[in-house]
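# return atomic coordinates for the entry below.
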Amino acid sequence: MRPGPRNLITDVAGLSVGNAQDDRLKSGTTVLTADRPFTASVAVQGGAPGTRETDLLAPDKSAPGVDALVLSGGSAFGLAAAQGVMEALHDAGRGFEVFSAQVPLVSAAILFDLLNGGDKEWQANPYPALGRAALAAAGPDFALGSIGAGTGAQTAQHKGGLGSASFVLEDGVSVGALVAVNPMGSVTTPSGRHFWAAPFEVDGEYGALGFDASEGFALPPSRKVTAMAGQGNTTIAIVATDAALDKAQCHRLAIAAHDGIARAILPAHSPMDGDCVFAAATGTKALADPGVQLAQLGHAASLCLSRAIARAVWEATPAPGDTLPTLRQELGRDG
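You can find the predicted model right below:
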């Protein structure tokens with residue numbers, strides 16, 4: 001396996017990603033879409049999820065595909081970002097046809113960033129407009145770190161962020177991950193100077209910090225819990241492929257991808273996290289041996305997600321009013 005040319009989820013041909021954020025709010029929204037509906041499913045392993053339109057992604061439900069997937073800050077308020085995306089898609093003539101009506105299908109997941117130092121005293125919910133703006137900005141290239149849904153994200157010890165990574169498998173199938181990293185757990189080892197995801201790094205993509213030589217699994221007290229009074233976490237992600245998968249196979253891909261969260265964040269899937277992974281398939285490449293290739297895809301997706309999580313934290317940038325430092329600040333490498 002090797003990363004795709006962008007090392008982004010948009011190395012899966014046909015996909016676009018857009019970001020929008022409000023720096024005063026310290027929050028934002030990220031949208032993944034395509035020129036036509038794509039097959040999707042979801043797996044939720046955290047104990048405190050916040051989602052919209054995920055029931056329709058179950059393999060036994062009739063919806064054939066979705067028009068967009070949304071990752072957003074804002075806790076339950078952020079679910080309204082999907083409404084903005086839905087309305088913009090409707091304006092563009094997109095949607096599932098029901099006789100003479102068209103209904104855009106937009107699934108979403110949110111993270112809690114209401115206590116991160118941003119100004120949350122809005123008069124009207126800002127997330128529908130952020131959803132529209134993110135969709136309008138969608139394209140093959142996008143930034144990582146403190147942007148979109150990762151704008152105000154935090155980990156146990158450092159600022160979180162938005163991350164992405166990709167692989168091209170030996171059979172030519174592409175897989176990628178997109179993630180907003182805001183967990184209760186830590187992305188770095190007990191020393192705070194190395195990533196749990198270090199074994200999976202490619203070409204120094206998250207700083208080439210190497211492995212932590214110290215032993216033990218005890219983590220330092222969480223700065224995030226102190227700063228946020230223990231309220232709200234979550235890692236929300238999308239993995240995608242150009243393989244031809246049905247909804248049941250997408251569901252298996254999403255389940256396998258959760259291994260990437262567990263390898264990159266300790267602890268993961270806690271009762272206070274809403275850890276959620278969507279899986280999307282554009283269906284342009286048929287699988288000659290679906291059983292074997294789906295297993296390989298799941299493994300690749302999990303590794304992409306681990307890498308994307310570390311990249312999100314590595315690319316985070318400081319901003320006025322932050323309640324946690326970036327990892328680069330702590331390492332003296334923020335210049």
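# longest strand of this structure?
When the chain is parsed with DSSP state E, its longest strand is strand 27-44.
# quick check: buried residues in that one?
For strand 27-44, a neighbour-count test (16 or more other C-beta atoms under 10 Å) marks 27-34, 37-44 as buried. Using the backbone N, CA and C atoms, a C-beta is placed for each residue, glycine as well.
# setting aside sequence neighbours, what's the nearest residue to Pro5?
Leaving aside its chain neighbours, Pro5 sits nearest to Asp11 (6.3 Å; criterion: C-beta to C-beta, 6 or more residues apart in numbering).
# Thr207 is in what secondary structure piece?
Wrong residue type there; residue 207 is Gly, not Thr. Assigned by DSSP states H and E, Gly207 belongs to neither a helix nor a strand.
# what is the burial count for it?
Residues lying near Gly207 (other C-beta atoms under 10 Å) number 20.
# OK, contacts around it?
Gly207 makes contact with 195, 314, 328, 331, 333 under the criterion C-beta atoms under 8 Å, 6 or more residues apart in numbering.
# what of Ala58?
41, 247, 251.
# state the distance from it to Val44.
11 Å (C-beta to C-beta, to the nearest Å).
# pLDDT score for the residue lying closest to Pro271 once chain neighbours are set aside?
Closest residue to Pro271 apart from its sequence neighbours, by C-beta to C-beta, 6+ apart: Gly47 at 3.6 Å. According to the prediction, Gly47 has pLDDT 92.
# quick one: low-confidence ranges for this structure?
217-218, 225-232, 335 (pLDDT under 70).
# and Pro190, how far from Trp314?
Pro190 is 18 Å from Trp314, by C-beta to C-beta.
# which of those two has more neighbours?
Trp314 (25 against 17).
# and the helices in the stretch 51-200 of the chain, which stretches?
Taking DSSP state H, counting those that start in this stretch as the test, the helices found in the stretch 51-200 of the chain are 80-91, 127-136.
# redo those as JSON lines? Include distance to Ala295.
Compiled in JSON lines, the helices of the stretch 51-200 of the chain are given as follows (distance: least, C-beta to C-beta, whole Å):
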{"stretch": "helix 80-91", "distance to Ala295": "32"}
{"stretch": "helix 127-136", "distance to Ala295": "33"}
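# most neighbours per residue, which of the ones you listed?
helix 127-136 (a mean of 24; mean count of other C-beta atoms under 10 Å).
# what are the contacting residues of it?
18-22, 27-31, 33, 68, 70, 72, 74, 77-85, 87-89, 148.
# can you rerun that using 7 Å?
Helix 127-136 has contacts (C-beta atoms under 7 Å, 6 or more residues apart in numbering) with 18-20, 22, 28-31, 33, 68, 70, 72, 74, 77-78, 80-85, 88, 148.
# repeat for stretch 322-335
Contacts with stretch 322-335, where a contact means C-beta under 7 Å, 6+ apart, come from 116-117, 154, 158-159, 188, 192-193, 223-224, 227, 313-314, 316-318.
# and Gly291, that's in a strand?
No - checked against DSSP: H, G, I helix; E, B strand; the rest coil, Gly291 lies outside a strand; its state is helix.
# that one: how many residues sit nearby?
Around Gly291 sit 7 other residues, with neighbours defined as other C-beta under 10 Å.
# contacts for stretch 44-54?
Residues contacting stretch 44-54 (C-beta under 7 Å, 6+ apart): 42, 75-76, 79, 82, 105-110, 234, 258, 269-276.
# gap between the two ends of it?
Using C-alpha to C-alpha, to the nearest Å, the end-to-end distance of stretch 44-54 comes out at 10 Å.
# equivalent analysis for stretch 76-84, please.
For stretch 76-84, the end-to-end distance is 15 Å (C-alpha to C-alpha).
# distance from the chain centre to it, please.
Centroid separation for stretch 76-84 versus its chain: 16 Å, with C-alpha atoms, centre = their mean, to the nearest Å.
# next one: stretch 164-171
Centroid separation between stretch 164-171 and its chain, computed with C-alpha atoms, centre = their mean, is 17 Å.
# can I get it in CSV, CA atoms only?
Only the C-alpha atoms of stretch 164-171 are listed here, as CSV (Å, rounded to 0.1, in the frame of the first residue of the first chain):
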residue,chain,number,x,y,z
SER,A,164,-7.2,12.9,6.5
ALA,A,165,-5.1,10.2,4.8
SER,A,166,-5.3,7.7,2.0
PHE,A,167,-3.9,4.4,0.6
VAL,A,168,-3.9,2.8,-2.8
LEU,A,169,-4.0,-1.0,-2.5
GLU,A,170,-2.0,-3.4,-4.7
ASP,A,171,-5.1,-4.2,-6.7
